[in-house]
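got a structure for you, letters missing:
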């Protein structure tokens, strides 16, 4: 062992230092590397080296029931378990292995998405649907500034996308889309699962969307930042409507001014859009209702609202203030579909011109990426 | 099942939407939640629910041999495996479980660090040593702009830290530290494993370091961005010295001008520092040697150099150009310690005033965080 370490040290000194990663690399030790996932024509193969496991399964978000569905894998040479399945339709999926009952990510796949507290391996299947989900040639900047919320009493982290050219054109001013996540998400949900930067980069590069800033706040009023920061949360219960309203107040009264002070924006209603999924759709409905003078573009996604006198009053307020776009979207198997239908009906009953975009499928990121890719070209035009 | 789904849907409509995560939450289903890691006084307990595993072990970076050392865990109630160990010394550690031979992260711990292509669960043990590794009250902004490298022929991602107050003081100009990662790392290594933002936030808040911008490029000349972006790499071999030099040229001739154009910097040698670990220490030695007029502060970490006529000539060039600080650091069990000793001797032989900071331990992030925390207060003073 000592001789090996000395040999490694010499090699390292000759050619730059080695890292632990390289020492655990199969190829480095002369073994056949495990490749996973491997896409070939119309199939994809998943592999996991598991020397002592007795049962290994694959679970993926393309399966009809991602909470229960699994496929058995087969032990092969060198205890590399494998399974080959027909390539799913073009989309971004997450998957994991289950080795003797324990969930494990694909150690060969560095592409990982975090959904709340869960990290899952990512599979991108190429196609027309996913064309804008891959990196464009010209890319915007993602940054993470912090703003002080007096309303919530904490310092809070934002994700901000500035489009390609923002730095190079120091006099240009941009419109802003405020893009809100759902329950269980945080300020990284849209940029990670939602591929916001890739979608906007592609749409802007193709001339399909206006160059815009996208602001993705943390919608959990008790959080300073994503849990991954390890910062303490406050005792506030996000299910309490008062706290939800305090977050919405912070969004419009604190985050919007913070962005308009620190970024080159056009600080006008005509240059502000708001969109959000699920809980963030609720925030979108609430923010546009509470502040009818704030946003000309309103896009609740996979969320609706029960028709109440309060909702009617808010919709009348929006109508009176005027707006450019009210774009509602929901999947036809979403458990909130009826709720979205109810909002659609309330918009019609109140005489608000709007689009109701109904897609296949449920309450999933596949839909939210599709929605962003569909409504972003409609903004600020 | 249908009844449960309907009940969930009603609940969701009443109180905001549920996410898949909540549905897999033990507490939600009335089971006792698994807590891991749990620090209590002088011990820490790790737990993993593994119904069908036959052997579960714990591996952690506090163990003398993190590539081989493991501790057996014991099966308890509900197939929750657990082990309690004495609390390691204050530091940031990574760890994972090994269930029937398969490495798995702690599903209860959302704090994860990525080291190259490996994701590992993170444990921060409080203490004087780690005081500056936790979030400060006033926090800077991390952003990820892209720059075009004509020298390397690709568009490349950077990590940039701007200190607290950068946005609020639009006329302030700042010095810049260029901070370089090692082999196997990328533009996220210093901000993730290295806790750069936390360390600088704390040092600046305490008045111990000057407010500064920190630029963390990707030091792999064949990469556009961290592998996690899924962008293609070029065929370039980073071990080839010509390519290393092309990266160093890109750093000084392209990244420095990009930063000085797009951020409010003081574009002078007296306001530029360069530091790097391991391979990045090699880049630091090369950049300061090739461009003696570029940096007044030079800090190679856990790296050294063989004394050659070329090195002597470069060191004479640095001496002639003048500099404020040459700060070399290495661990006393680092496999590159002799190499660092050789650079120390070469600096002395060439008459360059310098500091040689020798710490306990090896080629590990514990040392690199310590070094940043130690030399950052010496910069720009």
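Nice, I can see it. Predicted model, so just to flag it, every value in this text is computed and none were measured. Residues are numbered from 1 along each chain as shown, chains lettered A, B, ... in the order given.

identify the bridge partners of residue A:355.
Residues in a beta bridge with residue A:355, per DSSP bridges, are residue A:327.

surely it and residue A:326 touch.
Yes - contact criterion Cβ atoms under 8 Å: residue A:355 and residue A:326 qualify, at 7.2 Å. Bear in mind the C-beta positions are built from the backbone N, C-alpha and C, glycine included.

higher neighbour count, these two?
Under the criterion of other Cβ atoms under 10 Å in any protein chain shown, the comparison of residue A:355 against residue A:326 puts residue A:326 first, with 21 against 15.

where does the residue nearest to the more buried one when sequence neighbours are not counted land on pLDDT?
The shortest distance from residue A:326 to any residue other than its chain neighbours is 3.8 Å, reached at residue A:354 (Cβ to Cβ, 6 or more residues apart in numbering or on different chains). The model reports residue A:354 with a pLDDT of 98.

count of neighbours near residue A:354?
The tally of other residues near residue A:354 (other Cβ under 10 Å) stands at 18.

that one touches residue A:323, doesn't it?
No - applying Cβ under 8 Å as the test, residue A:354 and residue A:323 come out as separate, 9.3 Å apart.

what pairs with the strand or helix carrying residue A:274, parallel or antiparallel?
Element membership of residue A:274, judged by DSSP states H and E, is strand A:272-277. Partner strands for strand A:272-277, per DSSP bridges, with pairing direction: strand A:176-180 (parallel), strand A:297-301 (parallel).

now the ones you listed in a markdown table, with mean neighbour count?
Written out in a markdown table, the entries for the strands paired with strand A:272-277 read as follows (neighbours: other Cβ atoms under 10 Å in any protein chain shown):
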| stretch | mean neighbour count |
| --- | --- |
| strand A:176-180 | 28 |
| strand A:297-301 | 27 |
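
now the ones you listed as JSON lines including distance to residue A:111 and mean pLDDT?
What follows is these, written out as JSON lines (distance: least, Cβ to Cβ, whole Å; pLDDT from 0 to 100):
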{"stretch": "strand A:176-180", "distance to residue A:111": "22", "mean pLDDT": "98"}
{"stretch": "strand A:297-301", "distance to residue A:111": "25", "mean pLDDT": "98"}
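
for residue A:194, find the nearest of those strands.
strand A:176-180 (7.8 Å; Cβ to Cβ).

and that closest one, how far from the chain's centre?
Taking Cα atoms, centre = their mean, to the nearest Å, one finds the center of strand A:176-180 at 13 Å from the center of the full chain.

so how far is chain B from residue A:150?
Distance, residue A:150 to chain B, by Cβ to the nearest Cβ, to the nearest Å: 15 Å.

that residue: what's it in contact with?
With Cβ atoms under 8 Å, 6 or more residues apart in numbering or on different chains as the criterion, the residues that contact residue A:150 are residue A:254.

10 Å - rerun?
A:250, A:253-254 (Cβ atoms under 10 Å, 6 or more residues apart in numbering or on different chains).

quick one: which of the residues you listed has the most company?
Going through the contacts of residue A:150 with other Cβ under 10 Å as the criterion, the one with the most neighbours is residue A:250, at 22 neighbours.

tell me which element residue A:84 is part of?
Going by DSSP H and E, residue A:84 is in strand A:80-86.

what strands flank the following helix or strand past that strand, and is each parallel or antiparallel?
Beyond strand A:80-86 on the C-terminal side, the first helix or strand identified by DSSP H and E is strand A:92-99. On the basis of DSSP bridges, the sheet neighbours of strand A:92-99 come out as strand A:56-60 (antiparallel), strand A:102-104 (antiparallel), strand A:118-124 (antiparallel).

by contact count, what packs against the next helix or strand after the last one?
Pointing back at strand A:118-124 there. Scanning the chain past strand A:118-124 towards its C-terminal end, the next helix or strand to appear is strand A:141-144 (assignment: DSSP H and E). Packed against strand A:141-144, as judged by 3 or more Cβ pairs under 10 Å, 6 or more residues apart in numbering or on different chains; DSSP states H and E, are the following elements: strand A:159-162, helix A:196-205, strand A:213-216, strand B:141-144, strand B:159-162.

hmm, 8 Å instead?
strand A:159-162, strand B:141-144 (3 or more Cβ pairs under 8 Å, 6 or more residues apart in numbering or on different chains; DSSP states H and E).

ok, that strand: who's next to it in the sheet?
strand A:159-162 (antiparallel), strand B:141-144 (antiparallel).

out of those strands, which one sits most buried?
For those, the largest average neighbour count (mean count of other Cβ atoms under 10 Å in any protein chain shown) is found in strand A:159-162, namely a mean of 24.

using the three-state scheme, assign the closest residue to residue A:91 other than its chain neighbours.
Once flanking residues are discounted, residue A:91 sits nearest to residue A:366: 5.3 Å by Cβ to Cβ, 6+ apart. Three-state call for residue A:366 (DSSP: H, G, I helix; E, B strand; the rest coil): helix.

my guess is residue A:366 contacts residue A:89. True?
No - with contact taken as Cβ under 8 Å, residue A:366 and residue A:89 are classed as non-touching, separated by 9.4 Å.

name the residue in the two with the higher neighbour count.
residue A:366 (21 against 12).

which residue does the stretch 151-300 of chain A have closest to chain B?
Of all residues in the stretch 151-300 of chain A, the one sitting closest to chain B is residue A:184 (3.2 Å; Cβ to the nearest Cβ).

and that residue, how many neighbours?
21.

can you tell me the element it falls in?
Here residue A:184 is covered by no helix or strand, with elements defined by DSSP H and E.

so it touches residue A:115, yeah?
Yes - assessed by Cβ under 8 Å, residue A:184 is found in contact with residue A:115 at 7.2 Å.

next one: residue A:30, what pLDDT does it get?
Confidence at residue A:30, expressed as pLDDT, is 58.

I misspoke; the intended subject was residue A:237.
The per-residue pLDDT of residue A:237 was computed as 78.

look up how far residue A:281 lies from it.
20 Å (Cβ to Cβ, to the nearest Å).

could you do residue A:190 as well?
Residue A:190 sits 13 Å away from residue A:281 when distances are taken as Cβ to Cβ.

what about the residue lying closest to residue A:52 once chain neighbours are set aside, how many residues close to it?
Counting by Cβ to Cβ, 6+ apart, the nearest residue to residue A:52 once its immediate chain neighbours are dropped is residue B:101, at 3.8 Å. The local packing count at residue B:101 equals 17, with neighbours defined by other Cβ under 10 Å.
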